[in-house]
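Asks: Show me how the following folds:
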Amino acid sequence: MLCGRCNRGLGLFDDSEELLEGALKYLRKKRDREVECLPVAGTAPAIIQIDGGTYYSTDEACSYLGVSRDTLNRMSKDGRLHKYRQGFARTVYYRQSELDALKAIRKVDDGDEGDD
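Replies: You can find the predicted model right below:
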């Protein structure tokens, strides 16, 4: 049984074998860390390349960092991340290099909260 997001996502393919095969190709490349956009009618691409930089949509950025949308928004509001848009589109993107910096290991001071 599929979750609601997967079911809605599959519905966007309109039973098109060509689109489904394209999605499978995209997932295989993504698994191998080769980033390429898969345009789906009526949706903005999840990952885009601009001027040599890679940008992730909000959902992709959440998945990449393993955080919720609320956490991602908090990181943006407190200055740890910047939001980007392409042209006049409403879709928000996050730069991969900024996401990578958040994932990097860092020294923790004794005063920082967290698990020991």
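Asks: any idea whether Tyr56 is helix, strand or coil?
Replies: Using DSSP: H, G, I helix; E, B strand; the rest coil, the structure places Tyr56 in strand.
Asks: bridging residues for it?
Replies: Counting by DSSP bridges, Tyr56 is bridged to Ile47, Tyr94.
Asks: how about it, what does it touch?
Replies: Residues counted as contacts of Tyr56 (Cβ atoms under 8 Å, 6 or more residues apart in numbering) are Ala46, Ile47, Tyr64, Tyr93, Tyr94, Gln96, Leu99. Backbone N, C-alpha and C define where each C-beta goes, glycine included.
Asks: Touching, the first one and Ser57? I think so.
Replies: Yes - between Ala46 and Ser57 there is a contact at 4.6 Å, judged by Cβ atoms under 8 Å.
Asks: So between those two, which is more surrounded?
Replies: Set side by side, Ala46 and Ser57 show more neighbours around Ala46, with 22 against 18, by other Cβ atoms under 10 Å.
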